[in-house]
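1. sequence below, structure please.
(4 chains)
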2 protein chains.
Amino acid sequence: MGDRQAKEALFDAFGEVAKALGNGRRAELIDVLAQGERHVDELSAEIGQSVANTSFHLRVLATAGLVTTRREGTRIYYRLVSARVADLWAALRDVAAAHHEQIDELAAAYMGDRTRLEQIGRDELAERIAAGDVVVIDVRPAAEHAAGHIPGARSIPIDELAANMKRLPAEVEVVAYCRGPYCVFADDAVRLLRRRGRAARRLEDGFPEWQRANLPIEIAG
Amino acid sequence: MGDRQAKEALFDAFGEVAKALGNGRRAELIDVLAQGERHVDELSAEIGQSVANTSFHLRVLATAGLVTTRREGTRIYYRLVSARVADLWAALRDVAAAHHEQIDELAAAYMGDRTRLEQIGRDELAERIAAGDVVVIDVRPAAEHAAGHIPGARSIPIDELAANMKRLPAEVEVVAYCRGPYCVFADDAVRLLRRRGRAARRLEDGFPEWQRANLPIEIAG
DNA sequence: CAACTCCTCAAGTAATGTCTTGAATATAGA
DNA sequence: TCTATATTCAAGACATTACTTGAGGAGTTG
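-> Prediction:
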């Protein structure tokens, strides 16, 4: 007790959890799973890897105690073990963004120029929803909307936005949201809407952050 | 923009930060540095590694943007880049403790039996300090006390406690604290005090958590 | 039960991580 | 300037990780 070997084993175990997050593909998986459960095939497409490799990474995450599974027919659905895992992911992202200058450049390369993109805060959006003078669109894939979304938000995956734009009520501001601060869907949606002359902003961050702020959510509606 | 390659680069960068924490020795370093700055020689003794290897691990942490340095004469002091890093470390520890059953066993092997060890909450301790009916002892190494401590706490490193016990005022409860939930010093102190018939409890968690709870601290007093 | 879908497992390879040893650098003090 | 101290750097041995390919297991459907 209290000796070096036992201490090493304990801290190695903490390290194992960090190591599980220490791979870009696994980080992407956590980011997607923070939206809700998904099956392996979808996840594999999401991170652009083979199913075998995706399965391997998911097992690493499961062994580290970060994700768990549920079988439904031939499909196996993965989900985060708890909301704390999403908290950990957010903390990691925040530290990385705050102290790793490179992140800014990489984010800019991935997200494009965001300087002219206006955002709306969570609390303000909650008020506007209550007042009813805003249309909220969820531009994530339909499966993520089904797994949980902001109350009243319409599911219009980014790929389908151009075709469905006319069905949005006129003369009302549109707020788009997606997965989080590093998700491009909402940015793309706002740019598209503005090009077509609509008033549009993106919600700060995304759905998991809305949920973590204890704001109301709706499931499969 | 928005393509897979850019997304991979961004998430790889997040992964790099996690990877920096993904080693038991580096996790120990973060845990120690959460107490305040320390120089390489001390850190090397703290994690039981060669100075060269410790220096290597510190450079990994620095490259990941988690720690930074300050030179003073021939010594180089390392510290966490910001309080957010301590938050990240706490989030990691919490997730690990909550979901990785093995942690419980490893913690028990390292910490010993804690079932009979009473703790006192932060808020309760703050009140008791204000009321003046408690003696608070900081059983971490003196360097950590010097880098920041709970107001009024006496520095009595665990090695020196047995020799200094008589100097503690009689008939007053003693509260010991150290580095955090996985630090053995306070446990050892409480066990020693109780064996000698003193009323003693340990503070829940440790100094970094006290600081993160925005309770008052004192530096080099 | 045969064919199919979805997922996991095993083996292999190239790349990366950990720790040791010994040399090199930077600063302080005689 | 010489010496001592504190830290970093470089090279190398050894273990681990990431991804591919192909086979195998589990459940469903005809």
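2. only C-alpha atoms from now on, for both contacts and neighbour counts.
-> Fine.
3. how about the helix-or-strand element of chain A with minimal mean pLDDT against chain B, any contact?
-> For chain A, the helix or strand with the lowest mean confidence is helix A:101-111, at a mean of 88 (criterion: mean pLDDT, DSSP states H and E). Yes - using Cα under 8 Å from any Cα of the partner chain, helix A:101-111 comes into contact with chain B via A:Gln102, A:Ile103, A:Leu106, A:Ala107, A:Ala109, A:Tyr110, A:Met111.
4. same check, this time on stretch A:61-68
-> Yes - with Cα under 8 Å from any Cα as the measure, stretch A:61-68 is seen reaching chain B through A:Ala64, A:Gly65, A:Leu66.
5. show me these that map onto strands.
-> Among these, no member falls in strands (criterion: DSSP state E).
6. can I get these in CSV with neighbour count and pLDDT?
-> Listed next are the residues of stretch A:61-68 next to chain B as CSV, based on neighbours: other Cα atoms under 10 Å in any protein chain shown; pLDDT from 0 to 100:
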residue, neighbour count, pLDDT
A:Ala64, 22, 95
A:Gly65, 23, 95
A:Leu66, 27, 97
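7. which residues does stretch A:24-36 contact?
-> The contact list for stretch A:24-36, computed with Cα atoms under 8 Å, 6 or more residues apart in numbering or on different chains, reads A:20-21, A:43, A:46-47, A:57-58, A:61, A:78-80, A:86, A:89, A:144, A:147-148, A:179, A:207-208, B:8-16.
8. flag every buried residue along that stretch.
-> For stretch A:24-36, burial by neighbour count (16 or more other Cα atoms under 10 Å in any protein chain shown) applies to A:24-36.
9. restrict that stretch to CA atoms and write it as CSV.
-> Output of stretch A:24-36 as CSV, limited to C-alpha atoms (Å, rounded to 0.1, in the frame of the first residue of the first chain):
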residue,chain,number,x,y,z
GLY,A,24,-8.1,11.3,-34.2
ARG,A,25,-10.5,8.6,-35.4
ARG,A,26,-11.6,7.7,-31.9
ALA,A,27,-12.0,11.4,-31.1
GLU,A,28,-14.3,11.6,-34.1
LEU,A,29,-16.3,8.7,-32.9
ILE,A,30,-16.8,10.3,-29.5
ASP,A,31,-17.9,13.5,-31.2
VAL,A,32,-20.5,11.6,-33.2
LEU,A,33,-21.7,9.5,-30.3
ALA,A,34,-22.1,12.6,-28.2
GLN,A,35,-25.2,13.2,-30.5
GLY,A,36,-26.7,9.8,-29.5
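10. tell me the average confidence for that stretch?
-> Averaging pLDDT along stretch A:24-36 gives 97.
11. anything in that stretch near DNA strand C?
-> No - judged by Cα under 7 Å from any atom of the strand, stretch A:24-36 stays clear of DNA strand C, getting no closer than 11.8 Å.
12. ok, A:Pro208 to DNA strand C distance?
-> Distance, A:Pro208 to DNA strand C, using Cα to the nearest atom of the strand, to the nearest Å: 23 Å.
13. sorry, slip of the keys, the one I care about is A:Leu66.
-> 14 Å.
14. that older thread, from the residues of stretch A:61-68 next to chain B, which ones fall inside helices?
-> Within the residues of stretch A:61-68 next to chain B, no residue falls in helices by DSSP state H.
15. nearest to DNA strand D, out of the residues you listed: which one, please.
-> A:Ala64 (11.0 Å; Cα to the nearest atom of the strand).
16. is it possible to get TSV of the buried residues of stretch A:24-36 that adds secondary structure and distance to B:Thr115?
-> Output for those, formatted as TSV (DSSP: H, G, I helix; E, B strand; the rest coil; distance: Cα to Cα, whole Å):
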residue	secondary structure	distance to B:Thr115
A:Gly24	helix	40
A:Arg25	helix	41
A:Arg26	helix	37
A:Ala27	helix	37
A:Glu28	helix	40
A:Leu29	helix	38
A:Ile30	helix	35
A:Asp31	helix	38
A:Val32	helix	39
A:Leu33	helix	36
A:Ala34	coil	35
A:Gln35	coil	38
A:Gly36	coil	37
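17. give the contact list for the residue positioned nearest the centre of chain A.
-> Residue closest to the average C-alpha location in chain A (Cα atoms, centre = their mean): A:Arg179, at 2.7 Å. Contact partners of A:Arg179, counting by Cα under 8 Å, 6+ apart, are A:Asp31, A:Val32, A:Gln35, A:Arg140, A:Asp205, A:Gly206, A:Phe207, A:Pro208.
18. at 10 Å instead, please
-> Residues counted as contacts of A:Arg179 (Cα atoms under 10 Å, 6 or more residues apart in numbering or on different chains) are A:31-35, A:138-141, A:144, A:185-186, A:205-209.
19. likewise for A:Val139?
-> A:145, A:153-161, A:176-179, A:184-189.
20. let's see that with 7 Å instead.
-> Going by Cα atoms under 7 Å, 6 or more residues apart in numbering or on different chains, A:Val139 touches A:Ser155, A:Ile156, A:Pro157, A:Ile158, A:Ala176, A:Tyr177, A:Cys178, A:Phe185, A:Ala186.
21. any regions of chain A where pLDDT drops low?
-> Across chain A, the ranges flagged by pLDDT under 70 are A:1-2, A:221.
22. show me where it has its helices.
-> Here chain A has its helices, by DSSP H, at A:4-21, A:24-33, A:40-47, A:51-63, A:83-99, A:101-111, A:122-131, A:142-146, A:161-164, A:185-195, A:207-212.
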